[in-house]
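A.B. asks: have a look at this fold, sequence not included:
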């Protein structure tokens, strides 16, 4: 789909200062500080229950923080109702009105604001052309596919020209092919609208491909933020290291000396600053099949994906996963494969704090 966008989003920044949220005795948000620049697409990620959806709802005004401040542009909106914040939210469940046709769903927010009828017609036309909805304007939501419903939900938000777009796992109800298609559309929309967007997802592919900046939450706190590849390549903690990437990073307890890292089943050369008990991380994608390599994987299961494969098994007594490129036919359970690891791709963490050692 080619998107030709003439709509322009309002200029907006988002600022969160020491935002906290409790439900009874449960602390869900534990002092979030975050600045989102005008036109930036920030993706919030984290494990289930980390507080990302609560944070998005707090930005939207669907939850009021226990303490802290939320500002959009130069306005403190902490205690304002959602309708007074100039935000538009796209939900996982589409949240379309089933009794309204597509054109009326697109225009609903504008009619609530008593927008002039000619302006409403123009915006509905623009949005429907942008998202390929022209032929669907007279259909009801029940007559649409999942991908079409999500386009209508996005179109309704775009038609309002809000200061801030909020997305709450909008693709999770779609199948894999549709997720990929709509994900590309969202990226194009962001580029065309130059809009400020905050996007919540549990899907790493969405997070890595959509975000200008990733914000990783852990137990209600901001664990690390930055460009996606920076977080992937330079995680600040074991949590971020194992959260980013699929399959997850292999983590081993090891002992660091002046010249080596000794783990269960292998020893790696080492010239870094750590000494004593540490944790080391090895990404499956960074390992290199090497007949002289120090790491020997005993295969339990092979996952063949055509252009690549993942070997699951054990190194020493611990589970281990490694990626294999190219020809992997004939590798079976019980086979031994040796690997090496480029020194620059080794991650070392303090065993007590689980923070990265640079």
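C.D. replies: Perfect, thanks for sending it. Source: prediction; values computed, not measured.

A.B. asks: which strand or helix spans residue 254?
C.D. replies: strand 250-256 (DSSP states H and E).

A.B. asks: and that strand, what's buried?
C.D. replies: 250, 251, 252, 254, 255, 256 (16 or more other Cβ atoms under 10 Å). For glycine as for every other residue, the C-beta is placed from the backbone atoms N, C-alpha and C.

A.B. asks: just the local confidence number for the last one, please.
C.D. replies: What the model reports as pLDDT for residue 256 is 97.

A.B. asks: any idea how far it is from residue 331?
C.D. replies: 32 Å (Cβ to Cβ, to the nearest Å).

A.B. asks: what's the following helix or strand after the helix or strand residue 118 falls within?
C.D. replies: Secondary structure from DSSP H and E places residue 118 in helix 117-130. Per DSSP H and E, helix 117-130 leads on to helix 146-159 as the next helix or strand towards the C-terminus.

A.B. asks: what angle do the helix or strand following that following helix and helix 146-159 make?
C.D. replies: Reading on from helix 146-159 to the C-terminus, the next helix or strand found by DSSP H and E is strand 164-168. Interaxial angle of strand 164-168 relative to helix 146-159 (axes from the mean of the first three to the mean of the last three Cα atoms, to 10 degrees): 160 degrees.

A.B. asks: partners of strand 164-168 in the sheet?
C.D. replies: Sheet pairing of strand 164-168 (DSSP bridges) gives strand 87-90 (parallel), strand 197-200 (parallel).

A.B. asks: need the winner for burial among those.
C.D. replies: Mean neighbour count (mean count of other Cβ atoms under 10 Å) peaks for strand 197-200 among these, with a mean of 25.

A.B. asks: ok, residues contacting it?
C.D. replies: Contact partners of strand 197-200, identified using Cβ atoms under 8 Å, 6 or more residues apart in numbering, comprise 14, 36, 40-45, 52-53, 55-56, 59, 164-170, 186, 190, 206, 210-211.

A.B. asks: in helices, which of these fall?
C.D. replies: Per DSSP state H, helices hold the following members of the contacts of strand 197-200: 52, 53, 55, 56, 59, 186, 190, 206, 210.

A.B. asks: in CSV: those, plus pLDDT and distance to residue 223.
C.D. replies: As requested, those are exported to CSV (pLDDT from 0 to 100; distance: Cβ to Cβ, whole Å):
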residue, pLDDT, distance to residue 223
52, 96, 11
53, 94, 16
55, 97, 13
56, 97, 17
59, 98, 19
186, 88, 24
190, 90, 24
206, 92, 18
210, 95, 19
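
A.B. asks: quick one: which of those residues has the most company?
C.D. replies: residue 55 (28 neighbours; other Cβ atoms under 10 Å).

A.B. asks: for that one, what are its contacts?
C.D. replies: 16, 19, 21, 29, 32, 44, 200, 217.

A.B. asks: which stretches of the stretch 201-350 of the chain aren't confidently modelled?
C.D. replies: Applying pLDDT under 70 to the stretch 201-350 of the chain flags the ranges 326-327.

A.B. asks: could you chop this protein up by domain?
C.D. replies: Taking automatic domain parsing as the reference, the chain has its domains at 14-233, 247-350.

A.B. asks: quick one, which of the ones you listed is nearest to residue 356?
C.D. replies: domain 247-350 (5.7 Å; Cβ to Cβ).
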